[in-house]
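Asks: Pasting the sequence and the predicted model now:
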Amino acid sequence: MSGTTLNSSGLNTFEAKHSRSGKRMLTEKVMFMLLRLAAVVNIAALLIVVGFIFWNGLPALSWEFLTEPPRKAMTAGGIWPCIVGTALLALGSLMVAFPLGVASAVYLNEYAGRSPFTRYIRLAVNNLAGVPSIVFGLFGMSFFVIYCGLGISLLSGVLTLAVLILPMIISTSEEALRQVPRSYREASFALGAAQSQTIARVVLPAALPGMLTGAILSLARAAGETAVIMFTAVVYFSTSTLDSPLSPVMALPNHIYVLATSGTDIAKTLPMQYSASLVLLFLVLGMNIVAIIVRDRLQKNRAR
Amino acid sequence: MQMQQANGLINKAKGRPPRTAGSLREAIIRRLLGAAAACSLLFLALIVIFLCLEGLPAFQHLPISEFFLGMDWYPTSEPAEFGIFPLIAGSAVVTLLASALAIPLGVMTAVWLTEIAPSSLRRICKPFIELLAAIPSVVIGLFGMVVIAPILQNYFGADTGLNLLNAGLMLAFMSVPTICSVSEDSLYAVPPALREASLALGATRWQTTWRVVLPAAFSGIGTACMLGMSRSIGETMVVLMVAGGAGIIPISIFDPVRPMPAAIAAEIAEAPFQGEHYYVLFAIGIVLFAFTMLFNIIAQHITENNKRVAD
């Protein structure tokens, strides 16, 4: 393909050119086809997994399944306590991490210059984002559960999950702040507003939709997380109703894991595994779709 | 918009907000926000401290060389053997297999999205890739157990469907979205002028992509690969559910393996609190943390070097 062919006769040059460009077009066609194939494989993978869970999970899904607690060593009954547990864990961690994350992002983007302090913070945020979830689980277990004496409880799980989603919230919030035009801030300063006033009344309202997108994505992440809550918040089965933040909870991802690997009768609970997965997928993908739609609207508004 | 009038002081410093009577308040707010930002630093430090507090006591009785190079992982037998070499090998092989599948797939999808797909199609397809990243790992694990495992067992003659190949496949699909979106960002960052110059010289779109755009985005794609590998090596639920859990050094891709995260997750609940097994599991946590940290630092290093070149 490379290099120039030297031809003495004009006719030959013409032909060579044509066959060469033909070959070039063929290469291009083949390569483009391969690239398209790669995209198709990914989309197909998503559709197959989601489709499989929907197809198998839908028949066993009923109102009773959603609203009743499990019975008979989890081979019958529903998943209501798991749904409640997952909702509490995810919402709780967001309530802890969102204010902290937004405050960090405001500091990094609005106040801090390029000092060594901010460099270290950014480094920490980046590395925190890369820590494996099982390591968060170990940390939560040794720090919140044992050292702080919170025990295996909703609170321990919430706090550990909050540390997990914090870097995600910081980076999405910072991105949202970066999208706010400089002129907004300058206009506010020119009117005599102080920096904190400018941030509270001008910058944050403008950045809020972008931050919410990040918040929804983090919520979905926290809801689907298993390894983190396994040793910090979750019990296989609890009959008691949740009465304090210090009592353990049941959670959907862990429920699926237990049913699939160490249930009393794995084959018999298969329909329940599918249905519980369907509920979890529905929650997590639903939140992601909402976030994608919000972001899409934002981009359209900005383009206008 | 309602604006509060400032107190008449005119600040001549350019680009800085005017100093008002509330400047003490401003200073306090600034400090508070700084403290919030320092929390990330604090949490990372706490993670390191508590991993070390619970992990380092393992080496009181266990020589480090035996820990890393020991071939036998029998944590509950008498006397217990804590050689994590098979676990490291399991993690390494699973990660390499997943990356070998995910890197081409992720980068190719990113190239398709940025260079070839018409914008209408891109807007439809991109959310799909993002949703792939959103599927909870436990659901992917379940899929591997009930769909892929029987296929591997029945059609490929594997002794067990829960093996290295299954785990590699599932992990690949979990790391594709990471690789794809980071590569995509770096491909977008390639200036259009480079593409235009190449096309103007008569190169085809493929030649432009292959010889101009990809080399220009090379470091960003390197970062993407590192982050994808970091994601694969740290992923827990998938390897816990589908890797098979045997602490042996794999010889074929149909062998079951026990990667490090799976060992921690499966055993920590049963390990007696602050017993030797417990300490060793935390020590594995340190190793895992070090590996992912290494991948992340390499990724950041590549990005920073690239920034310097771009400046």
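Replies: Okay, I see it.

Asks: can you pull the buried residues of stretch B:196-207?
Replies: Neighbour counts over stretch B:196-207 (16 or more other CB atoms under 10 Å in any protein chain shown) mark B:198, B:203-207 as buried. C-betas here are computed from N, CA, C, even on glycine.

Asks: what ranges do the helices span in the stretch 101-250 of chain B?
Replies: B:119-134, B:137-143, B:149-155, B:164-188, B:192-200, B:205-208, B:214-216, B:218-234, B:237-242 (DSSP state H, counting those that start in this stretch).

Asks: helix, strand or coil for B:Leu62?
Replies: Assigned with DSSP: H, G, I helix; E, B strand; the rest coil, B:Leu62 falls in the coil class.

Asks: oh sorry, the question was meant for B:Phe254
Replies: On the basis of three-state DSSP, B:Phe254 is classed as coil.

Asks: was I right about it contacting B:Leu165?
Replies: Yes - using CB atoms under 8 Å, B:Phe254 is in contact with B:Leu165, at 6.2 Å.

Asks: shared neighbours of those two, which are they?
Replies: Counting by CB atoms under 8 Å, 6 or more residues apart in numbering or on different chains, the residues touching both B:Phe254 and B:Leu165 are B:152, B:158.

Asks: of the buried residues of stretch B:196-207, list those near chain A.
Replies: Applying CB under 8 Å from any CB of the partner chain to these, one finds that B:204-207 fall near chain A.

Asks: Which two among those residues are spaced furthest apart?
Replies: Greatest spatial distance among these (CB to CB): B:Arg205 and B:Gln207, at 7.4 Å.

Asks: anything in contact with each of those two?
Replies: Common neighbours of B:Arg205 and B:Gln207 (CB under 8 Å, 6+ apart) are A:Glu28.

Asks: How about the closest residue to chain B within the stretch 1-150 of chain A, nearest residue that isn't a chain neighbour?
Replies: As assessed by CB to the nearest CB, chain B sits closest to A:Pro132 within the stretch 1-150 of chain A, at 2.6 Å. In space, A:Pro132 comes closest to B:Gly234 once its chain neighbours are excluded; the distance is 2.6 Å by CB to CB, 6 or more residues apart in numbering or on different chains.

Asks: Surely that neighbour touches A:Val131?
Replies: Yes - B:Gly234 is in contact with A:Val131 according to CB under 8 Å; the separation is 7.4 Å.

Asks: hey, what's in contact with both of these two?
Replies: Common neighbours of B:Gly234 and A:Val131 (criterion: CB under 8 Å, 6+ apart): B:Thr292.

Asks: how deep is the closest residue to A:Phe144 other than its chain neighbours tucked in, by neighbour count?
Replies: Spatially, and ignoring its direct neighbours in sequence, A:Phe144 is nearest to A:Ser156 (4.2 Å; CB to CB, 6+ apart). Around A:Ser156 sit 27 other residues, with neighbours defined as other CB atoms under 10 Å in any protein chain shown.

Asks: mind listing what whichever residue of the stretch 201-311 of chain B sits closest to chain A touches?
Replies: Nearest to chain A in the stretch 201-311 of chain B, going by CB to the nearest CB, is B:Gly234, at a distance of 2.6 Å. Going by CB under 8 Å, 6+ apart, B:Gly234 touches A:130-135, B:261, B:288, B:291-292.

Asks: Using TSV, please lay out the residues you listed together with neighbour count and distance to A:Leu88.
Replies: TSV is the format used below for these (neighbours: other CB atoms under 10 Å in any protein chain shown; distance: CB to CB, whole Å):
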residue	neighbour count	distance to A:Leu88
A:Gly130	22	27
A:Val131	24	24
A:Pro132	25	24
A:Ser133	24	19
A:Ile134	30	22
A:Val135	25	24
B:Pro261	30	26
B:Leu288	27	29
B:Phe291	20	33
B:Thr292	21	29
